[in-house]
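Peer 1: the sequence and its predicted three-dimensional model are supplied below.
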Amino acid sequence: MQKTLIVMGIIIVSAGLLWPWLSKLPFGRLPGDLVLDKPGLKIFFPITSMLLVSGLISLLMWLLRK
């Protein structure tokens, strides 16, 4: 568990340092991400983005267990 927390911390710090470049990627604006935009209300459902993140985290965890 300690190793996993350390790796996740390193990933979060790396993402924070690389944010200026990561924000230019089309992540969060993928086909399948729903936006409900009505006057006075804007709701964002990042369905495709969250599936992609879940898959990447699952792959990373699977690779770390080996």
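Peer 2: Yep, it's here.
Peer 1: how much space between the most centrally placed residue in the chain and residue 59?
Peer 2: Centroid-nearest residue in the chain, with C-alpha atoms, centre = their mean: residue 53, separated by 4.5 Å. Residue 53 sits at a distance of 11 Å from residue 59 (criterion: C-beta to C-beta, to the nearest Å). Every residue, glycine included, has its C-beta placed from N, CA and C.
Peer 1: got any residues that touch both of these two?
Peer 2: Residues touching both residue 53 and residue 59 (C-beta atoms under 8 Å, 6 or more residues apart in numbering): none.
Peer 1: using the three-state scheme, assign the residue nearest to the centre of the chain.
Peer 2: Under DSSP: H, G, I helix; E, B strand; the rest coil, residue 53 falls in the helix class.
Peer 1: which ones are touching it?
Peer 2: Contacts of residue 53 (C-beta under 8 Å, 6+ apart): none.
Peer 1: all strands of the chain, in order?
Peer 2: 34-38, 41-45 (DSSP state E).
Peer 1: show residues contacting the worst-scoring helix or strand of the chain on mean pLDDT.
Peer 2: Within the chain, confidence by mean pLDDT, DSSP states H and E is lowest for helix 19-22 among all helices and strands, at a mean of 82. Helix 19-22 has contacts (C-beta under 8 Å, 6+ apart) with residue 15.
Peer 1: and with 10 Å instead?
Peer 2: 14, 15, 16 (C-beta atoms under 10 Å, 6 or more residues apart in numbering).
Peer 1: CA atoms only for that helix - export them in PDB, please.
Peer 2: Extracted in PDB, the C-alpha atoms of helix 19-22 (Å, rounded to 0.1, in the frame of the first residue of the first chain):
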ATOM      1  CA  TRP A  19      -0.300  21.100 -16.400                       C
ATOM      2  CA  PRO A  20       0.600  23.900 -18.800                       C
ATOM      3  CA  TRP A  21       1.200  21.300 -21.500                       C
ATOM      4  CA  LEU A  22      -1.500  18.800 -20.400                       C
END
